[in-house]
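Asker: Here you go, sequence then predicted model.
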Protein chains: 4
Amino acid sequence: MDSTDRFSGKVFALAIRLLIVLSLVTFSIDTLPNIGAQVKRNLHIIEVITVSIFTLEYALRIAVAENRLRFVCSFYGLVDLAAILPFYISSGLDLRAVRVFRLLRLIRILKLFKYNQAIVRFQRAFVIVREELILFGFIAAITLYLSAVGIYYFENVAQPEQFKSVFHSLWWAITTLTTVGYGDMFPITTGGKVFTFFVLMVGLGVVAVPIGLITSALSQARSEEVR
Amino acid sequence: MDSTDRFSGKVFALAIRLLIVLSLVTFSIDTLPNIGAQVKRNLHIIEVITVSIFTLEYALRIAVAENRLRFVCSFYGLVDLAAILPFYISSGLDLRAVRVFRLLRLIRILKLFKYNQAIVRFQRAFVIVREELILFGFIAAITLYLSAVGIYYFENVAQPEQFKSVFHSLWWAITTLTTVGYGDMFPITTGGKVFTFFVLMVGLGVVAVPIGLITSALSQARSEEVR
Amino acid sequence: MDSTDRFSGKVFALAIRLLIVLSLVTFSIDTLPNIGAQVKRNLHIIEVITVSIFTLEYALRIAVAENRLRFVCSFYGLVDLAAILPFYISSGLDLRAVRVFRLLRLIRILKLFKYNQAIVRFQRAFVIVREELILFGFIAAITLYLSAVGIYYFENVAQPEQFKSVFHSLWWAITTLTTVGYGDMFPITTGGKVFTFFVLMVGLGVVAVPIGLITSALSQARSEEVR
Amino acid sequence: MDSTDRFSGKVFALAIRLLIVLSLVTFSIDTLPNIGAQVKRNLHIIEVITVSIFTLEYALRIAVAENRLRFVCSFYGLVDLAAILPFYISSGLDLRAVRVFRLLRLIRILKLFKYNQAIVRFQRAFVIVREELILFGFIAAITLYLSAVGIYYFENVAQPEQFKSVFHSLWWAITTLTTVGYGDMFPITTGGKVFTFFVLMVGLGVVAVPIGLITSALSQARSEEVR
């Protein structure tokens, strides 16, 4: 009996997850321009069914909970509520308000994490490197800021439209130091290019090192678990 | 006698590999626009010779196999068959069908792996980090999705042609979080740029950490082998 | 009494930090084009208040220092002085000179590092990998230079405007080997593309390995601290 | 006496290095368009002086060598010769030939490595990961090739000018999988974009893992040295 319960529990959890993914897909299709009224209606029907099942799930969980109030106030209880509440509230509002409200539907992504226990290791890894991450976040922020100020002084005269202010230059600093390099802003003066060279030599490490720190912390967390 | 066999075996394996590479080169040349009829004919002749040798190799392997049926049904037996079958089937079809069919010729790349034993270590490394890779694949998928939804809400009004829907925004999320940054799509609103900043700070790690995990697993697999 | 002192000390340190950040924000707003005279005046008022507080802090520190001369000549004493001096000097100069001078206001960023002790670990990590970093800096410089010379010879004839000289090609080498890839310069000849392929295969490691070295040195520094 | 010798030897080595760097700078200036005849003449004078000193150094080394023939035939002996030979040969040729020949002047970069002993550690690290590097080079080549073939089939019809053949698509595969992303070629079809997504998910690791392997091997080589 118990193993059957556990098996049907797994099937139920999988079904809920698939429903969440389906719900995200319909949310995305909804943003497509030029979709027909028929499709719109079908998407709404899927949404209604999804929310109904989530509501049923929520009601059942309250019903079977040993301590009902505690479940309702627990993190996952609140997530379950937050996943259905936007639908009920938005039903009484006009469309314009819904547009902003619709984003709240994404809260149900949190339900996906509910059944995942491997996240614990990730959290432990985070604790190990927390201190260094804060330090590097701090250094990264200063590096980005100084890069932005520097490139502003080099390029502002030559490209006043692109490098309008330190804030506009910050966008360049971000896309460059993460090596994204869209190509919407780049230095054209010799001074700006030489400055970019030094910024990249120092800055790449500042942005990339934290990633390496998390990775090594994850390895450490894993080996600690094995023990 | 035995060492001669082993030597001639190595030469044979190398010859087959070179033939596969030659076959891939001719496949690629075949896609060049404006190649003359003479070249086309030569490419076809090389293909016929290649397939003939592969067929001969396949026949020989069946002939010398202790258990013929078992060899035919084994992974490498099937790969050997799949490497020559497309040629024989396509010979009786018209050109339009061949275009799609031609891709099947690439199956013979699998023959390259046949003689490679170092892949075993790679597989072991994969087993070590499988769990984390799945978790990170999951987190990466959610990060990409939420980034796409976010940028869609920030940029859709300003650039309706570029950020048409959440699906179109997903392409931006992919090229940005992998730092490819083609420059075909990028935020122009202040909100979108600030959002991109936070997405990059969190998202780079999500995409880059799995690579670090595989690397450290490979080191672990190597040191385990040494023991 | 002592713990109250320590608490009020922390509050004071935090207040100074926030003031520095505020000061950086006003500095950045100052670079925005088309800001009204009223905003300009407000920014100036904030600057005056900030410098007043920094001056007060400096005076207090001198007053409470056991050895006053030693404090004035110490690194942090000089930083405190450098954070306020530009303001007093620039007050007597005309606006054009101020533009260049304004950058000196950023020296006060150094005050941020004053209260941060985690930087010690970073310095120790640097000592561990100093030798390799110098070697890799050297190899990276040569790789960048040879890449620039190579692409110059391949692309100069086809794109004389883009790849004007080895110096112009160096800019391409930097943006390519750091994978920023703005898209303002890229090879169009087959030779240049094949050359870029080999440059990337070898060069990516040359640029990326130092980052990995710093990361592993940081892990080492942390585990040494734990012991 | 001995320590003086060692000191003067260090000064001499540094002087030779600076001369090499100076020689590389003049080589680069020489490629600038529109440089005056006067500058050209000065560059030539510097080159003549540089080669004279290198020739003198070479002659001295032969003079003081215990076994002269052995020095001449040794690696560094040949490098020393190769650093001056192009100058003497090119003096008798016309300008057009010199253009190609000029590149040979860069051989003198090898002289820079002459005095560097830290390279030994780098070589040892290479030996440790040689096997994996070959395997990953092999997998990277196949990944690049299959990516190129795949994108060719998705994009060739929509962008026949950009994705002309598998060879042209290889350029896209290289710039994408190394995340350079110049923006000169990118998929525009939905199929091509989805394909790119999967290529990036798998391919980034394939290209980035070798760098991690070299880094961890370097750490291993360092710790072995300490023992």
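Answerer: Cool, the structure landed.

Asker: how about the strand or helix carrying residue A:198, does it reach chain C?
Answerer: Element membership of residue A:198, judged by DSSP states H and E, is helix A:190-226. Yes - part of helix A:190-226 sits near chain C under the criterion CB under 8 Å from any CB of the partner chain, namely A:193, A:196-197, A:200, A:204-205, A:208-209, A:212-213, A:216. Placement of C-beta: from N, CA and C, glycine included.

Asker: For that helix, give the mean pLDDT please.
Answerer: Taken as a whole, helix A:190-226 has an average pLDDT of 80.

Asker: for residue A:31, helix, strand, or coil?
Answerer: coil (DSSP: H, G, I helix; E, B strand; the rest coil).

Asker: same question, residue A:34
Answerer: coil.

Asker: how is chain A carved up into domains?
Answerer: With domains defined by automatic domain parsing, chain A comprises A:2-113, A:119-226.

Asker: Ranking helices and strands of chain A by mean pLDDT, which lands last?
Answerer: helix A:95-101 (a mean of 56; mean pLDDT, DSSP states H and E).

Asker: Sketch out the low-pLDDT regions of chain A for me.
Answerer: A:1-5, A:92-102, A:114-119, A:225-227 (pLDDT under 70).

Asker: Spell out which parts of it neighbour chain C.
Answerer: Close to chain C, as judged by CB under 8 Å from any CB, chain A has residues A:131-132, A:134-135, A:138, A:142, A:145-146, A:149, A:152-153, A:156, A:160, A:164-167, A:176, A:179-183, A:186, A:193, A:196-197, A:200, A:204-205, A:208-209, A:212-213, A:216.

Asker: Put the buried members of the residues you listed into a ChimeraX selection.
Answerer: The buried subset of the residues of chain A next to chain C, as determined by 16 or more other CB atoms under 10 Å in any protein chain shown, is captured in ChimeraX by this line:
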select /A:132,135,142,145,146,149,152,153,156,164,165,166,167,176,179,180,181,182,183,186,193,196,197,200,204,205,208,209,212,213,216
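
Asker: ok, the residue positioned nearest the centre of chain A - contacts?
Answerer: Residue closest to the average C-alpha location in chain A (CA atoms, centre = their mean): residue A:109, at 9.7 Å. Applying CB atoms under 8 Å, 6 or more residues apart in numbering or on different chains, we find residue A:109 in contact with A:20, A:24, B:142, B:145-146.

Asker: let's see it at 6 Å
Answerer: Counting by CB atoms under 6 Å, 6 or more residues apart in numbering or on different chains, residue A:109 makes contact with nothing.

Asker: Return the distance of it relative to chain C.
Answerer: 31 Å (CB to the nearest CB, to the nearest Å).

Asker: repeat for residue A:7
Answerer: Residue A:7 is 43 Å from chain C, by CB to the nearest CB.

Asker: Residue A:76 too?
Answerer: 35 Å.

Asker: Next, the angle from the helix holding residue A:198 to helix C:190-226.
Answerer: In terms of direction (axes from the mean of the first three to the mean of the last three CA atoms, to 10 degrees), helix A:190-226 departs from helix C:190-226 by 50 degrees.

Asker: ok, residue A:69 - how many residues close by?
Answerer: The local packing of residue A:69 (other CB atoms under 10 Å in any protein chain shown) involves 10 other residues.

Asker: Can you classify it by secondary structure?
Answerer: Residue A:69 ends up helix, using three-state DSSP.

Asker: can you map out the helices along chain A?
Answerer: A:2-29, A:37-64, A:68-73, A:75-90, A:95-101, A:109-113, A:119-155, A:166-177, A:190-226 (DSSP state H).

Asker: Save the ones you listed as TSV, and put in distance to residue C:124 too.
Answerer: Formatted as TSV, these follow (distance: least, CB to CB, whole Å):
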stretch	distance to residue C:124
helix A:2-29	46
helix A:37-64	51
helix A:68-73	47
helix A:75-90	40
helix A:95-101	50
helix A:109-113	37
helix A:119-155	13
helix A:166-177	25
helix A:190-226	15
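
Asker: Looking at chain A, which residue is nearest chain B?
Answerer: In chain A, the residue that lies nearest chain B is residue A:215 (3.3 Å; CB to the nearest CB).

Asker: quick one: contacts for that residue?
Answerer: Counted by CB under 6 Å, 6+ apart, residue A:215 has contacts B:209, B:212.

Asker: now do residue A:191
Answerer: So residue A:191 contacts residue A:154 (CB under 6 Å, 6+ apart).

Asker: sorry, back to before: which one of the residues of helix A:190-226 next to chain C sits closest to chain D?
Answerer: When the residues of helix A:190-226 next to chain C are compared against chain D (criterion: CB to the nearest CB), the nearest one is residue A:212, at 9.0 Å.

Asker: For the closest one, list the residues it contacts.
Answerer: residue C:215.

Asker: Could you do residue A:87 as well?
Answerer: Counting by CB under 6 Å, 6+ apart, residue A:87 touches residue A:51.

Asker: change it to 8 Å
Answerer: A:47, A:51, A:105.

Asker: now the second one: how far from residue A:84?
Answerer: So that's residue A:51. From residue A:51 over to residue A:84 the distance is 5 Å, taken as CB to CB, to the nearest Å.

Asker: and if you look at the last one?
Answerer: For residue A:105, the distance to residue A:84 equals 10 Å [CB to CB].

Asker: likewise residue A:156?
Answerer: In terms of CB to CB, residue A:156 sits 52 Å off from residue A:84.

Asker: Could you do residue A:208 as well?
Answerer: Separation of residue A:208 from residue A:84 (CB to CB): 41 Å.

Asker: now stretch A:200-213, how far from the centre of its chain.
Answerer: With CA atoms, centre = their mean, to the nearest Å as the basis, stretch A:200-213 stands 22 Å off its chain's centre.

Asker: repeat for stretch A:57-67
Answerer: That offset, for stretch A:57-67, works out to 29 Å (CA atoms, centre = their mean).

Asker: And stretch A:187-203, by the same measure?
Answerer: Using CA atoms, centre = their mean, the offset of stretch A:187-203 from its chain centre is 32 Å.

Asker: same thing with stretch A:140-147?
Answerer: For stretch A:140-147 - counting by CA atoms, centre = their mean - the centre lies 24 Å from the chain centre.

Asker: Other residues contacting that stretch?
Answerer: A:169-170, A:173-174, A:176-177, A:199, A:202-203, A:206-207, A:210, C:24, C:106, C:109, C:112.

Asker: Of those residues, grab the buried ones for ChimeraX.
Answerer: Per 16+ other CB under 10 Å, the buried members of the contacts of stretch A:140-147 correspond to this ChimeraX selection:
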select /A:169,170,173,174,176,177,199,203,206,207,210 /C:24,106,109,112
